[in-house]
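In: Need a 3D model of the following:
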Amino acid sequence: MKEEDFYNAYKDKLENPDDWVERPDLKIFLKMEGSHKKFNDWLIEIESLEDNYLYIQGTLATNETYNKVRIYNYINAKRSVNKREKRLKKGA
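Out: The predicted structure is shown next:
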């Protein structure tokens, strides 16, 4: 794989600094301060994605930052799909 094929998270962080936050700020942004387990479950799911580099940036666990917009959109999309599937099952 050539270097230009890599996603440049650092460049994205420089160009969109307001989108990248640290873990405590992400929890507040997502309004999950009281849902520690749910918050961690979402991050574990996102960390397991093949393209997790779009959501998380950092070279060490201690300096990771998170793209709050992408993570919000990911969670919102997953929740919408789950709600739709539940409604379809009830109607079937």
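
In: SS state for the residue nearest the centre of the chain?
Out: What sits nearest the mean C-alpha location of the chain, by Cα atoms, centre = their mean, is residue 71, with 2.7 Å. Following DSSP: H, G, I helix; E, B strand; the rest coil, residue 71 is assigned to helix.

In: That one contacts residue 26, doesn't it?
Out: Yes. Under the criterion of Cβ atoms under 8 Å, residue 71 makes contact with residue 26 at 6.7 Å. (Each C-beta comes from the backbone N, C-alpha and C, glycine too.)

In: Strands of the chain, residue ranges please.
Out: Under the criterion DSSP state E, strands of the chain are mapped to 20-21, 56-57, 65-67.

In: Would you mind measuring from the closest residue to residue 9 other than its chain neighbours to residue 44?
Out: Take residue 9 and drop its neighbours on the chain: the residue closest to it by Cβ to Cβ, 6 or more residues apart in numbering is residue 57, 3.9 Å away. Separation of residue 57 from residue 44 (Cβ to Cβ, to the nearest Å): 17 Å.

In: Equivalent analysis for residue 67, please.
Out: Applying Cβ to Cβ, the value for residue 67 to residue 44 is 17 Å.

In: More neighbours: those two, which one.
Out: For residue 67 and residue 44, the more surrounded residue by other Cβ atoms under 10 Å is residue 67, and the numbers stand at 23 against 9.

In: Quick check: beta-bridge partners of that one?
Out: Beta-bridge pairing of residue 67 under DSSP bridges involves residue 20.

In: thinking it is in contact with residue 58, fair?
Out: No. Counting by Cβ under 8 Å, residue 67 stays clear of residue 58, with 11.4 Å between them.

In: Okay, buried residues for the worst-scoring helix or strand of the chain on mean pLDDT please.
Out: For the chain, scoring each helix and strand by mean pLDDT, DSSP states H and E identifies helix 9-15 as the least confident one, at a mean of 88. Counting neighbours by 16 or more other Cβ atoms under 10 Å, one finds that the buried residues in helix 9-15 are 9, 12.
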